[in-house]
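In: 3D model of this:
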Amino acid sequence: MHVVVHGGAGGPPDEPADRQSTLADAADSATTAETPLDAVLTALRPLERDPRFNAGVGGAVQSDGVVRTDAGLMTDDGTAGAACSMAGVAHAADVARVVATETPHVCLAGDPAVELAAASGIDTDEDLLTDRTRGRYEDADPPGADIADLLAWVRAHFSGTDTVGAVATDGDRLAAATSTAGRWFALAGRVGDVPQIGAGFYADERGGASATGEGEAIARFGLARRAVDSLETYGPRQAAETAIAEFDAATGGRAGVVVLDHAGHVGSEYNTAAMQTSRAGPE
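Out: Predicted coordinates:
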């Protein structure tokens with residue numbers, strides 16, 4: 001199994017060596033999975049539990065003080081699922097898989113998605129806040145209930161770019177997945193690019209991609225689909241570079257993307273200060 005994982009595009013991370021070790025372990029553990037879909041979920045679970053990454057535990061906090069998680073995944077045969085705006089759910093990518101494989105839908109949101117997770121044996125009602133994230137939220141001095149004050153506060157504080165993702169192939173099948181807690185200080189219920197097919201994730205017979213960065217710009221541009229489209233002309237390395245260059249020119253936004261083809265060739269590119277990645281599999 002060939003696997004590539006990323007820990008999000010953004011500023012220089014704290015504890016970069018520890019983060020890199022976690023990414024490497026996540027990629028290595030995923031190489032023994034039975035299918036590419038199993039592999040991307042295996043890779044993402046430890047990242048969704050690690051507060052050094054913005055997914056699940058320790059993720060970004062929305063305007064009401066709640067961490068809400070989103071994820072999406074897709075396989076090269078067109079199977080796709082997403083789940084979003086889930087409070088108390090660390091393993092959002094596992095919920096996305098349930099949506100993809102157990103329902104006739106592509107995306108489920110909010111409390112019904114949480115209820116589906118619970119019925120499927122996925123942990124819910126977890127405290128995703130940490131001391132650090134709780135303190136950061138409180139230090140930002142959130143306003144009261146007045147909507148004008150709230151909107152002004154969100155405009156002043158809305159920030160962040162990180163997320164996590166993985167793409168895997170066994171040489172025959174391929175899967176891509178992305179998971180996040182979104183961006184800091186977003187309006188409660190905000191959903192970005194991650195659970196949108198073609199924006200935060202995409203896979204088809206050409207390859208797969210997982211994107212990270214400023215979600216609104218990524219969603220408008222369709223970054224993951226654009227990166228896979230570039231595989232028509234380029235290998236994964238240049239496909240990633242081309243997609244980010246086109247994204248930058250079109251939006252002026254900040255983002256990163258990893259790309260994998262069915263032969264296990266990897267590409268990654270970003271226009272932020274940093275994006276940590278790791279790959280594992282046969283040489």
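In: Against residue 216, how distant is the residue located most distally from the centre of the chain?
Out: Distance from the C-alpha centroid of the chain, by CA atoms, centre = their mean, peaks at residue 146 (31.7 Å). For residue 146, the distance to residue 216 equals 24 Å [CB to CB, to the nearest Å]. From N, CA and C alone the C-beta is placed, and that goes for glycine too.
In: Same check on residue 20?
Out: For residue 20, the distance to residue 216 - CB to CB - is 28 Å.
In: again, but for residue 60
Out: For residue 60, the distance to residue 216 - CB to CB - is 14 Å.
In: need the next SSE after the helix-or-strand element of the chain with minimal mean pLDDT, C-terminal direction.
Out: The least trusted helix or strand in the chain, going by mean pLDDT, DSSP states H and E, turns out to be helix 147-157, with a mean of 93. Tracing the chain C-terminally past helix 147-157 and defining elements by DSSP states H and E, one meets strand 164-169 next.
In: any chance you could map the helices in the protein?
Out: In the chain, the segments counted as helices under DSSP state H are 16-30, 36-49, 92-102, 110-119, 131-139, 147-157, 215-221, 223-229, 236-251.
In: which of those sits most buried?
Out: helix 223-229 (a mean of 27; mean count of other CB atoms under 10 Å).
In: same question for that helix, mean pLDDT?
Out: Taken as a whole, helix 223-229 has a mean pLDDT of 98.
In: Identify the residues contacting that helix?
Out: Residues outside helix 223-229 that contact it (CB atoms under 8 Å, 6 or more residues apart in numbering): 176, 178, 193, 197-204, 206-211, 213, 218, 239-240, 242-243, 246-247, 255, 257, 259, 267.
In: Tell me the buried residues within those.
Out: Neighbour-count burial within the contacts of helix 223-229 applies to 176, 178, 193, 197-204, 206-211, 213, 218, 239-240, 242-243, 247, 255, 257, 259, 267; the criterion is 16 or more other CB atoms under 10 Å.
In: Start and end of stretch 114-126, how far apart?
Out: In terms of CA to CA, to the nearest Å, the two terminal residues of stretch 114-126 are separated by 11 Å.
In: Stretch 155-163 now?
Out: 21 Å.
In: now swap in stretch 57-77 and tell me
Out: 31 Å.
In: Now do that stretch: distance to the chain's middle.
Out: Mean-position distance between stretch 57-77 and its chain equals 7 Å (CA atoms, centre = their mean, to the nearest Å).
In: same check, this time on stretch 192-208
Out: Mean-position distance between stretch 192-208 and its chain equals 10 Å (CA atoms, centre = their mean).
In: Same question for stretch 47-59.
Out: Averaging C-alpha positions (CA atoms, centre = their mean) puts stretch 47-59 11 Å from its chain's average.
In: Buried residues, that stretch. List them.
Out: Buried, per 16+ other CB under 10 Å, within stretch 47-59: 47, 48, 50, 51, 52, 53, 54, 55, 56, 57, 58, 59.
In: What are the contacting residues of it?
Out: Residues from elsewhere that reach stretch 47-59 (CB under 8 Å, 6+ apart): 5, 7-8, 13-15, 18-19, 22-23, 26, 44, 60, 67, 69, 71, 89-93, 126, 128-130, 132-133, 160, 162-164, 179-182.
In: can we see that at 7 Å?
Out: For stretch 47-59, contacts defined as CB atoms under 7 Å, 6 or more residues apart in numbering pick out 7-8, 15, 18-19, 22, 26, 60, 67, 69, 90-93, 128, 130, 132-133, 160, 162-164, 179-181.
In: Over to stretch 77-96?
Out: The contact list for stretch 77-96, computed with CB under 7 Å, 6+ apart, reads 41, 44-45, 48-49, 56-57, 66, 68-74, 97, 99-101, 106-110, 113-114, 116-117, 122-126, 128, 177, 179, 189, 191, 195, 197.
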